[in-house]
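Chemist: When you get a sec, could you give me coordinates for this:
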Amino acid sequence: MEGIPDSAKMCGQIFLCMLIEDFTFHCSHRMLHTRWLYPYIHKIHHEHKVTISIAGQYAHPLEYIFGNLLPAAMGPLILKERMHFLTAFTWYSMRYIESAEGHSGYEFSWSPFRVLPFGSDFAYHAYHHSHNVGNYSSFFTIWDSVFGSNKVYYQYLNERKESDLAPTKTKTA
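Modeler: Numbers count the residues shown, from 1 in each chain. This is a model prediction of the structure:
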């Protein structure tokens, strides 16, 4: 086993894994929302309308393999021996933590995932569970934006913002 990689190499490989996982997770997750697969496979995961951390892993066995494990493993599978064991361990740990956080029910202001460019947050994925539409990606909003699967979410946010800004009517005696 070669020496521990420097921080730049480790961060670069983890970021590459994040990009690969985000794309493959988006595609598999979107596929799980088709009328052919949702009622038989993915509906189990959506039993949680208001999510808790463990809900990130609560899935049909086929979804767990093809929707959770395989997207997370694609980066290390592509990098093969170019990825050090410690980097792979760090990547898998980060992926699990992000999934638990994304289903936690909390918006952590100090989360390192919030500083990612085009990063998603708890509210982004919570909308997916509460409305069962769009927002299929994991780490980033890039693929949802490219494929237009987050339009309904942003319309929802705009409507909420407009209703919050609208003057309230008060009854006069």
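
Chemist: how about the helices in the protein?
Modeler: 7-32, 61-63, 70-79, 85-102, 122-131, 142-147, 151-165 (DSSP state H).

Chemist: Would you format those as TSV with mean neighbour count, mean pLDDT and distance to Phe113 included?
Modeler: Just so you know, the C-beta spots here come from the backbone N, C-alpha and C atoms, and that holds for glycine as well. Formatted as TSV, the helices of the chain follow (neighbours: other CB atoms under 10 Å; pLDDT from 0 to 100; distance: least, CB to CB, whole Å):
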stretch	mean neighbour count	mean pLDDT	distance to Phe113
helix 7-32	18	96	10
helix 61-63	14	95	22
helix 70-79	18	98	15
helix 85-102	17	93	6
helix 122-131	18	87	10
helix 142-147	18	95	14
helix 151-165	12	89	18
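
Chemist: To Lys49, which of those lies closest?
Modeler: Lys49 sits nearest to helix 122-131 of all the helices of the chain, at 5.7 Å, using CB to CB.

Chemist: one step back: quick one, which of the helices of the chain is nearest to Ser109?
Modeler: The nearest among the helices of the chain, by CB to CB, is helix 122-131 at 10.8 Å.

Chemist: hey, C-alpha coordinates of that closest one in PDB?
Modeler: This file holds the C-alpha atoms of helix 122-131, laid out as PDB (Å, rounded to 0.1, in the frame of the first residue of the first chain):
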ATOM      1  CA  PHE A 122     -32.000  19.700   3.700                       C
ATOM      2  CA  ALA A 123     -34.900  21.900   2.400                       C
ATOM      3  CA  TYR A 124     -34.100  20.900  -1.200                       C
ATOM      4  CA  HIS A 125     -34.500  17.200  -0.400                       C
ATOM      5  CA  ALA A 126     -37.200  17.700   2.100                       C
ATOM      6  CA  TYR A 127     -39.300  19.300  -0.700                       C
ATOM      7  CA  HIS A 128     -38.700  16.100  -2.700                       C
ATOM      8  CA  HIS A 129     -40.100  14.000   0.100                       C
ATOM      9  CA  SER A 130     -43.000  16.200   1.000                       C
ATOM     10  CA  HIS A 131     -44.200  16.800  -2.600                       C
END
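
Chemist: next one: that helix to chain centre, how far?
Modeler: Helix 122-131 sits 10 Å away from the centroid of its parent chain (CA atoms, centre = their mean, to the nearest Å).

Chemist: Select, out of the helices of the chain, the one closest to Ile41.
Modeler: Across the helices of the chain, closest to Ile41 is helix 61-63 (CB to CB), at 5.2 Å.

Chemist: No further questions, thank you.
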